[in-house]
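Participant: Can you look at this prediction? I've put the sequence above it.
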Amino acid sequence: MSELLPQSSFSPALESVDLRKSYGSKKTRFEAVRGVSLKISPGEVLAFLGPNGAGKTTTIKMIAGLIRPDAGWVKIAGRDPHRDPQALRGVGAVLEGNRNLYWRLTALENLEYFGTLRQMNRQVAKAKGEALLEAFGLTDKRKVPVQKLSRGMQQKIAIAVALIHQPQLLLLDEPTLGLDVEAGETVKALVRQIAASGCAILLTTHQLNVAEELSDRVAIIRAGQIVTEQPTQALIKQFSKGTAYHIQFEGALDQTQTAAILSLGATLESEHHIRYFPAGEISEANGESANSESANSESASGESSSAAVASATLYKILHILEPLPLLEVRQDRMDLTDVFLQLVRT
Amino acid sequence: MIDLFIGEFKRTWIQTLRYPSEVIGGVVILTAVFYGIFLGTQYMAGPDIAFGDRLDTVVIGYVIWSLVLYIVNDIATNLQMEARTGTLEQLFLSPFGAPRVFFARAIASLTLRSLLTLVVLLIIMTISGSQIAFPPILLLPLATLLLGAYGLAFFIGSLALVLKNVQQLLSLFQFFLFFLLAAPTENWTGPARLIANVMPILPSTGLLRDLMAREQPLDWRGWAIALVNGLVYFAVGTLLFHWAEGKAKRQGSLGSY
């Protein structure tokens, strides 16, 4: 795969600054996108998430040069697709809800055609097409009309078509929508491979587990504005602070042990299950600060002291439990879905 | 650019010929419609009617009408169909730019359509006994006819890009074209002649009838007028299309239908 795709460079594959777009006339005018700025480096996957109507598709289409922004600018590998048509050589797109392919053409014919459409030499396009089909495990389907292939195979071919001209940026709008589990896993593996080869990927999806698995960073848009943009794991970790710890053990607690544990602020969920919720940290994690970039600037010392307090209490509980056999000690972990829902509901 | 032409040529031919029954059906329908008109006229006018030269001009008029109608509808129909099937936005992602892509595919589909039209023409000539001449010089007025027709095609395509649903307009346009192609404008004089010179396609159709039905030599002055007419309509059509693309991008409605 690596020889099929662009080599990494240090300049951003995508840079968009303060994109704005409104639709309608005076009375019915509404702002679909309000000052969206995004930056993606080569090899990076940015999950661009938001509820329906939040402005994702408008933003993606502005990036692809399909919708003209009212204000702001886009650069794909340093070129503006709205001013310089050659900038489009740097972008490939699989757009949501679209077939993106000619169904009467075979997989290879589609690849060859779209290659020439992206200014490739026909022979080169055909050779690249063959190589992509091999990399995507579709060589045996190269001469089958696309309409006779499964939805998963069609989606793989649509991604291959978007990559035929070796773009620096790949726009994937709902790439796993409507796919069965196996096809979805294959597409996810492909996305990882493509990113590993140095292509930047802007991914939108409503399947937040997919976004969590694939993305390096997450940008969440609500009502046309980015409400947070952070590395995926950092965002989840930030929201997971202050969530409950659970201790499962064998054996029975005596009255003294029970009283001691309760006095530390823990609760007994069942005979063998203690739940400890570090008090006073909920607002810090889930409050307003998380909705803005300022959440990133939270002091490291404050974070570590909260964790130290929580850990100290946990050690005390464990000490009380000694020597009962421990089965599990874990902390509730939020996933991207929880984070997303909190952010779009506030 | 040559790769784009070949690519479009291949795509168009493969898409059309992958289901040959559709092609055969198209030829049969085009021929049957003409035959219906031919027989109907004979039935109403009586068996003694002699079309004579008129028959040849009617045949040429019909064939040109079907060709021009196809060309004029081609871009708009393509835009609407591809918006529905979801490939339209991929075309606008081409670094060639949409006007060049649509021009390349229009030329590609013309090669296919010309072949089918020739088949229909030969069948009609056999059925009706028409004797039509094919002097090579007819390619000159044919070229100006195509320029004008593509100008109109880009004009209708522009409307399709901005207004989206232009089916009703396309139907109305059929009658407008029928009038343009059926009117014997080569005989017009005075102000009517001037109007015929500025109307789309008209200067070329008169020349084609003269060459093919009446076997007259090419009127070079008339052809110069047809050339200017074709170039102007083509230039206006492509400029309008470029404007419509920008308008659709500002409206955010490029891929919608």
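Facilitator: Now that the structure is in, tell me what you want to look at.
Participant: helices and strands around whatever helix or strand B:Val72 lives in, which ones?
Facilitator: B:Val72 is part of helix B:53-85 when elements are defined by DSSP states H and E. Packing partners of helix B:53-85 (3 or more C-beta pairs under 8 Å, 6 or more residues apart in numbering or on different chains; DSSP states H and E): helix B:20-45, helix B:88-92, helix B:98-128, helix B:139-163, helix B:167-182, helix B:202-212. Glycine gets a C-beta too; all of them are placed from N, C-alpha and C.
Participant: In the stretch 101-250 of chain B, which residue sits nearest chain A?
Facilitator: Nearest to chain A, among the residues of the stretch 101-250 of chain B, is B:Lys249, at 4.3 Å (C-beta to the nearest C-beta).
Participant: which SS class is B:Asn165?
Facilitator: coil (DSSP: H, G, I helix; E, B strand; the rest coil).
Participant: Generate JSON lines for the helices and strands packed on helix B:53-85, with mean pLDDT, mean neighbour count and distance to A:Leu318 as supplementary columns.
Facilitator: Putting those into JSON lines (pLDDT from 0 to 100; neighbours: other C-beta atoms under 10 Å in any protein chain shown; distance: least, C-beta to C-beta, whole Å) gives the following:
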{"stretch": "helix B:20-45", "mean pLDDT": "78", "mean neighbour count": "13", "distance to A:Leu318": "76"}
{"stretch": "helix B:88-92", "mean pLDDT": "89", "mean neighbour count": "21", "distance to A:Leu318": "59"}
{"stretch": "helix B:98-128", "mean pLDDT": "85", "mean neighbour count": "18", "distance to A:Leu318": "68"}
{"stretch": "helix B:139-163", "mean pLDDT": "90", "mean neighbour count": "23", "distance to A:Leu318": "69"}
{"stretch": "helix B:167-182", "mean pLDDT": "78", "mean neighbour count": "14", "distance to A:Leu318": "75"}
{"stretch": "helix B:202-212", "mean pLDDT": "83", "mean neighbour count": "24", "distance to A:Leu318": "94"}
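Participant: Out of the ones you listed, which is closest to A:Ala195?
Facilitator: Ranking these by proximity to A:Ala195 (C-beta to C-beta) places helix B:88-92 first, at 22.0 Å.
Participant: what's in contact with that closest one?
Facilitator: A:61, A:64-66, A:93, A:95, A:98, A:100, A:114, A:117, A:161, B:79, B:82, B:98, B:101-102, B:245, B:254-255 (C-beta atoms under 8 Å, 6 or more residues apart in numbering or on different chains).
Participant: got the CA coordinates for it in CSV?
Facilitator: The C-alpha trace of helix B:88-92 is given here as CSV (Å, rounded to 0.1, in the frame of the first residue of the first chain):
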residue,chain,number,x,y,z
LEU,B,88,-22.0,14.3,-10.0
GLU,B,89,-19.9,15.7,-7.2
GLN,B,90,-17.0,13.5,-8.1
LEU,B,91,-17.0,15.1,-11.5
PHE,B,92,-16.7,18.5,-9.9
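Participant: now the residue of the stretch 201-346 of chain A at minimum distance from chain B: how far from A:Ser11?
Facilitator: Residue of the stretch 201-346 of chain A nearest chain B, by C-beta to the nearest C-beta: A:Gly224 (13.1 Å). Here A:Gly224 is placed at a distance of 28 Å from A:Ser11 (C-beta to C-beta, to the nearest Å).
Participant: again, but for A:Arg275
Facilitator: 50 Å.
Participant: Settle it for me: which of these two has more neighbours?
Facilitator: A direct count of neighbours by other C-beta atoms under 10 Å in any protein chain shown for A:Arg275 and A:Ser11 places A:Arg275 higher, at 14 against 11.
Participant: Name every strand pairing with the helix or strand harbouring that one and say which way it goes.
Facilitator: A:Arg275 belongs to strand A:273-276 when elements are defined using DSSP H and E. Note on strand A:273-276: by DSSP bridges, its sheet partners are strand A:245-249 (antiparallel), strand A:266-270 (antiparallel).
Participant: How far off centre is the last one?
Facilitator: Put simply, strand A:266-270 sits 36 Å off its chain's centre (C-alpha atoms, centre = their mean, to the nearest Å).
Participant: Could you list the alpha-carbon positions for it in PDB?
Facilitator: Extracted C-alpha coordinates of strand A:266-270, given in PDB (Å, rounded to 0.1, in the frame of the first residue of the first chain):
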ATOM      1  CA  ALA A 266     -17.500   4.600  49.400                       C
ATOM      2  CA  THR A 267     -20.700   2.700  49.100                       C
ATOM      3  CA  LEU A 268     -21.500  -1.000  49.100                       C
ATOM      4  CA  GLU A 269     -23.300  -1.900  45.900                       C
ATOM      5  CA  SER A 270     -23.600  -5.500  46.900                       C
END
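Participant: Among the helices and strands packed on helix B:53-85, which comes closest to A:Asp338?
Facilitator: Nearest to A:Asp338 among those is helix B:88-92 (34.0 Å), distances taken as C-beta to C-beta.
Participant: which ones are touching the residue positioned nearest the centre of chain A?
Facilitator: A centroid search over chain A (C-alpha atoms, centre = their mean) returns A:Ala47, at 2.6 Å, as the residue closest to the centre. Taking C-beta under 8 Å, 6+ apart, we find A:Ala47 in contact with A:203-205, A:211-212, A:214-215, A:217-219, A:232.
Participant: quick one: it and chain B, what's the gap?
Facilitator: Note on A:Ala47: its distance to chain B, by C-beta to the nearest C-beta, to the nearest Å, is 22 Å.
Participant: my read is that residue is in a helix, agree?
Facilitator: No. Using three-state DSSP, the assignment for A:Ala47 is strand, not a helix.
Participant: unless I'm mixing things up, A:Ser150 is touching A:Ala183, no?
Facilitator: Yes. Here A:Ser150 reaches A:Ala183: they are 7.1 Å apart, a contact under C-beta atoms under 8 Å.
Participant: who's more crowded, these two?
Facilitator: Neighbours were counted for A:Ser150 and for A:Ala183 using other C-beta under 10 Å; A:Ala183 has more, 18 against 12.
Participant: May I ask which helix or strand encompasses that one?
Facilitator: With DSSP H and E as the test, A:Ala183 turns up in helix A:181-196.
Participant: Surely B:Leu121 and B:Gly61 touch.
Facilitator: No. The pair B:Leu121 / B:Gly61 is not scored as a contact, 11.8 Å apart, by C-beta under 8 Å.
Participant: Tally up the residues packed near residue 232, please.
Facilitator: Answering for chain A, as no chain was given. Around A:Thr232 there are 20 residues (other C-beta under 10 Å).
Participant: wrong one, chain B
Facilitator: With other C-beta under 10 Å as criterion, B:Val232 counts 15.
Participant: Show the contacting residues for the closest residue to it other than its chain neighbours.
Facilitator: Excluding its sequence neighbours, the residue lying closest to B:Val232 (C-beta to C-beta, 6 or more residues apart in numbering or on different chains) is B:Gly151, at 7.6 Å. Going by C-beta under 8 Å, 6+ apart, B:Gly151 touches B:200, B:230, B:232-238.
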